[in-house]
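what follows is a predicted structure for the sequence shown.
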Amino acid sequence: MSAKVSVIILNWNGIGLLKEYLPRVLDNTDPDIADIIVADNGSTDGSVEYLRWLGVNTMEFPTNLGFAGGYNKALEQIETPYTVLLNSDVAPAPGWINTLYDFMDSHPEVGACQPKMLSWHNPESFEYAGACGGFIDRNGFPYCRGRIFSTIENDSGQYDSVIECDWVSGAAMMVRTKEYRALGGLDTDFFAHMEEIDLCWRLRLAGWKLMAVPQAAVYHLGGGSLPMGNPRKTYLNFRNNLLMLYKNLPYPVRDKTLVRRRLLDTIAWLKSLASLKFADAAAIVRAHADFKKMRHRYASLPSPAENLIASRPDILTAYYLKRKILFSQLS
């Protein structure tokens, strides 16, 4: 039988991660369901030679196109109805691809889904980037079923129900290939970070549902490209979050939300200064400056018809003031 899914692993100078995780992907992915392809972003560390030796299908790009550009280039060449965007530091559990494929194929209203994301280092715990389904609060801050800010819950089966969510993790996202391309794929202006949340927002605005399917599971190392606390990561997260709000909120709501975010990000800047994290403080200032320079690129986009985060809680108030640190404590 011909494959129904293409599993695309994006790599840039990650030969160590490929050697650790790719064999586990090959061992635990049903070849009758999925083809595994590595898209290489101009690596110079011997990754391509290793992939050739291993006999894995490889797309070779001459330069580093970033997370967004690399995946967009790869999906231009995909013909299967479904594609999985899979990070190079992910080890899937047996049966994962069959579960996700069967779910998508029997739910034509779903545009994308994710498995349960567990920590590679601590398999009893959810993983930061996606946990068991992602959400966005009314101010644009992402959080997860199983992870709010730095509080990461242990997995005791409390979130094993399939649930509709606001975004699914780009570390292991199954998406309808045709719809990915129809929406323009990941926004290359983002380069990296938040781009999958932006894509998910656009999928929802186009009428598609997004689901977390915890009956499938993967184990994610996390921080493979930029570790937590890296000022570059701080910059991209702040800048891209502002761009995402500018693109996807209706005009009147957008302007009010961005004013609130400016105030909240000023508090984050002051906190960085007080903690002597001067590089992070500088990254926040640069993020806002570059957002102002870049937002004109989206000025011609039509105003979205609906505010999809209007009913979401204020996660800062819930977490820091009301001490609702678990997802199950949120209304």
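Structure's in. What do you need?

quick one: contacts for Phe278?
Ser272 (CB atoms under 8 Å, 6 or more residues apart in numbering). (C-beta placed from N, C-alpha, C; glycine too.)

next, count neighbours for Leu18.
24 (other CB atoms under 10 Å).

got it, and Met173?
25.

for it, which non-adjacent residue is closest in space?
Leu85 (4.6 Å; CB to CB, 6 or more residues apart in numbering).

swap in Tyr21?
Per CB to CB, 6+ apart, closest to Tyr21 is Ala91, 5.2 Å.

okay, helices next: where are they in the stretch 51-200 of the chain?
Ranges of helices in the stretch 51-200 of the chain, per DSSP state H, counting those that start in this stretch, are 66-75, 96-106, 177-182, 195-205.

any low-confidence regions in this protein?
Counting by pLDDT under 70, the chain shows low-confidence ranges at 1, 223-228.

buried set for the longest strand along it?
Using DSSP state E, we find that the single longest strand of the chain is strand 209-220. By neighbour count on 16 or more other CB atoms under 10 Å, the buried set for strand 209-220 is 210-214, 216-220.

so who does His220 touch?
87, 89-90, 117-120, 127, 129-130, 171-172.

mind putting those residues in CSV, neighbour count and distance to Pro108 included?
Below are these laid out as CSV (neighbours: other CB atoms under 10 Å; distance: CB to CB, whole Å):
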residue, neighbour count, distance to Pro108
Asn87, 24, 27
Asp89, 21, 32
Val90, 27, 27
Met117, 30, 25
Leu118, 24, 28
Ser119, 19, 33
Trp120, 16, 33
Glu127, 29, 29
Ala129, 19, 28
Gly130, 30, 23
Ala171, 24, 25
Ala172, 28, 21
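
so which of the residues you listed are in strands?
Within the contacts of His220, residues falling in strands by DSSP E are 90, 117-119, 172.

just to revisit the earlier point, tell me what angle the longest strand of the chain forms with helix 195-205.
160 degrees (axes from the mean of the first three to the mean of the last three CA atoms, to 10 degrees).

what is the helix or strand following strand 209-220 packed up against?
For strand 209-220, the following helix or strand on the C-terminal side (DSSP states H and E) is helix 231-248. Packing partners of helix 231-248 (3 or more CB pairs under 8 Å, 6 or more residues apart in numbering; DSSP states H and E): helix 195-205, helix 251-274, helix 278-294.

what residues sit buried inside the second one?
Applying a neighbour-count criterion of 16+ other CB under 10 Å, the buried positions in helix 251-274 are 253-254, 257-258, 261, 265, 268-269, 272.

stretch 231-245 too?
Applying 16+ other CB under 10 Å to stretch 231-245 flags 231, 233-245 as buried.

one more: stretch 106-125?
So for stretch 106-125, counting by 16+ other CB under 10 Å, buried means 110-120, 125.
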